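J.: Sharing a sequence plus its predicted fold:
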Amino acid sequence: MSAAGTRPREGLRAGIILRLSLRNVLRYARRSTLTASAMVLGLALLILSRTLADGAHESWIDQGVQLGTGHVALQAPGYRENRSLDNRLAPGPLATAMAALDDPEVEHSVVMAAPRIAVSGLASSAGSAVPIMILGVDPDIEPEFSLLDDKLVEGRYLESGDRLSAYVGTGLVERLGIHLGSRFVLTAQDADGEIQGQLVRVAGIFRTGVPDLDEGIIHLTLATAQRWLNAPGAVTTVAVLLQSSRATPPVIRSLDRILPADQVEVLSWREASPELDAAVKIDDLGDWVFHIITLAIIALAILNAILMAVLNRKREFGVLQALGLTGRETGIVVLLEGVMLSLLSGGLGVILGLGVTWFFWRDGLDMSFLMDEELTFSGTLFDPVMVPEFRLATIFLSLALIIAIGVLASLYPARQATRIDVAEAMKFDR
């Protein structure tokens, strides 16, 4: 027989197999509905869970970078390792770094940049002494960048004309035994390696609920810190806030190309805040463990439903093989049933999942009823209201996982269908 005559016959058999699969899906409506329901609900739960997790992680990152060094930190080479003023951005490299942020490759992603000078020191009062991190900040920029300005409980934030004012946390106030308007002394090593003291007055008091911040950070004006530390015009970090954490990798790549590596080091928030990075990764790992368990349960439900259908339809498959279908083609019929159910369930699951997620999109899912007190992690306050974040990659990944689970769970029943003994299947019960 010619090849031209074989191809139409093969196409005809393929069409018959496809129609048989579709007919069986519709014929056994109860089984199809139960199997599809497990997949639809599982996909909807997966989409809701992933979008809530993505939204929670983005919220954590936003809070962490606004209380830290931004999505991107520009520093002098070596500063990350020793935290010394010896490795500071002098006025020349600082100007180069600020100019790079105006480059067309990164400008559209940058919200703002905050120059800072940071040094470890000691805060002392008549009653106590506490080790702290001292941050010199631009009071005209910092309120729009950092969240500390919104945490004010008494007094005011720094102003550009301040010389001796300090913005401190409630924890430090309690440990030093001071109050609004009190004076205390800051001691740190300056750029020349000399120990210098600076008298300051409490202008404002903040409370974040994070002990490490409330006890361990002080804000001074950038001009005061530069003058006190003998570092005129210099900073230790330019903290860069981006529109989203997802913009960090391309911005990092662009800045690495633009900036001279021997003058400016470019760090992502993951490198600058390893504790925050670890917290997000650990939580994401926990989410995926939950998802894997859920997907395993769904796979077992699909496997059980399709396998039982195969075992209960031996006579039907025997008849099909007696009429000319091979064992392999019988298995393909069963596999196609699983594929059709997976595709149909995937579409319905996406619709249901997006619908449920959309319900929580405006106000979020409030989890505060599960918490008796404020929860913190890696120096950031946990927001109990979880607002989902829609990402196409998340939707497609969830859909692909459910379809893959449905297809894989159909493989074993399909294999069993290929092994049906036609003579045994055709016997009549007496």
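T.: Thanks, I have the structure now. Numbers count the residues shown, from 1 in each chain.

J.: I figured Val280 hits Ser59, correct?
T.: No: applying Cβ atoms under 8 Å as the test, Val280 and Ser59 come out as separate, 10.7 Å apart. (Glycine included, C-beta is placed from N, CA and C.)

J.: Between the two, tell me which one has more neighbours.
T.: Higher neighbour count among Val280 and Ser59: Val280, with 23 against 18, using other Cβ atoms under 10 Å.

J.: contacting residues for the more buried one?
T.: Residues in contact with Val280 (Cβ atoms under 8 Å, 6 or more residues apart in numbering) are His57, Trp60, Ile61.

J.: ok, and the most crowded of the residues you listed?
T.: Ile61 (24 neighbours).

J.: I'd like the distance from the nearest residue to Asp162 once chain neighbours are set aside to Met112, if you could.
T.: Spatial nearest neighbour of Asp162, chain neighbours left out: Thr221 (5.2 Å); criterion: Cβ to Cβ, 6 or more residues apart in numbering. Between Thr221 and Met112 the computed distance is 18 Å (Cβ to Cβ, to the nearest Å).

J.: C-terminal to the one helix or strand Pro250 maps to, what's the next element?
T.: Following DSSP states H and E, one finds Pro250 within helix 248-258. Downstream of helix 248-258, the next assigned helix or strand under DSSP H and E is strand 265-268.

J.: Dump the C-alpha coordinates for that next one into CSV.
T.: Extracted in CSV, the C-alpha atoms of strand 265-268 (Å, rounded to 0.1, in the frame of the first residue of the first chain):
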residue,chain,number,x,y,z
GLU,A,265,29.8,48.9,44.0
VAL,A,266,26.2,48.1,43.0
LEU,A,267,24.3,45.9,45.4
SER,A,268,20.8,44.5,45.2
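
J.: Quick check: neighbours of it in the sheet, parallel or antiparallel?
T.: strand 72-75 (antiparallel) (DSSP bridges).

J.: how about the strands in the stretch 251-400 of the chain?
T.: 265-268, 365-366, 376-377, 380-381, 385-386 (DSSP state E, counting those that start in this stretch).

J.: For the nearest residue to Leu74 once chain neighbours are set aside, report the pLDDT, please.
T.: Nearest-residue entry for Leu74: Val238, 4.0 Å, with adjacent residues in sequence omitted and distances by Cβ to Cβ, 6+ apart. Per-residue pLDDT puts Val238 at 95.

J.: what's next to the helix or strand hosting Val238, contact-wise?
T.: Assigning secondary structure by DSSP H and E places Val238 in strand 237-242. Outside strand 237-242, the residues within contact range by Cβ under 8 Å, 6+ apart are 65-66, 68-75, 79, 89, 94, 97-98, 101, 109-118, 145, 248, 251.

J.: Check the offset of it from the chain's centre.
T.: 19 Å (Cα atoms, centre = their mean, to the nearest Å).

J.: pretty sure Leu20 is in a helix, no?
T.: Yes: per DSSP: H, G, I helix; E, B strand; the rest coil, Leu20 lies within a helix segment.

J.: Centre-most residue in this protein?
T.: His57 (4.0 Å; Cα atoms, centre = their mean).

J.: Name all residues that make contact with that residue.
T.: Counting by Cβ under 8 Å, 6+ apart, His57 touches Val280, Asp283, Asp284.

J.: what's the closest of those to Met308?
T.: The closest of the contacts of His57 to Met308 turns out to be Asp284 (Cβ to Cβ; 36.3 Å).

J.: Leaving out sequence neighbours, find the closest residue to Leu336.
T.: Per Cβ to Cβ, 6+ apart, closest to Leu336 is Ser21, 3.7 Å.

J.: isn't Asp149 right up against Tyr157?
T.: Yes: using Cβ under 8 Å, Asp149 makes contact with Tyr157 at a distance of 4.9 Å.

J.: So in the protein, where's the weakest helix or strand by average pLDDT?
T.: Using mean pLDDT, DSSP states H and E, the weakest-scoring helix or strand in the chain turns out to be strand 376-377, at a mean of 55.

J.: how many other residues sit next to Glu58?
T.: 17.

J.: Run through the residues that contact the residue nearest to it when sequence neighbours are not counted.
T.: Distances taken as Cβ to Cβ, 6+ apart put Glu389 closest to Glu58, at 5.5 Å, once the chain neighbours are dropped. Neighbouring residues of Glu389 by Cβ under 8 Å, 6+ apart: Thr51, Asp54, Gly55, Glu58.

J.: Narrow those residues to those in strands?
T.: Assigned to strands by DSSP state E, none of the contacts of Glu389 qualify.

J.: closest to Ile402 among the residues you listed?
T.: Nearest to Ile402 out of the contacts of Glu389 is Thr51 (Cβ to Cβ; 15.0 Å).

J.: residues contacting Gly324?
T.: For Gly324, the contact set (Cβ under 8 Å, 6+ apart) is empty.

J.: how does the chain divide into domains?
T.: Domain assignment for the chain by automatic domain parsing gives 9-63+278-425, 69-272.

J.: which of those has the lowest average pLDDT?
T.: domain 9-63+278-425 (a mean of 77).

J.: got the contact list for whichever strand or helix holds Leu220?
T.: In the assignment (DSSP H and E), Leu220 maps to strand 217-221. Strand 217-221 has contacts (Cβ under 8 Å, 6+ apart) with 123, 132-139, 142, 148, 158, 160, 162-163, 165-169, 172, 186, 200, 228.
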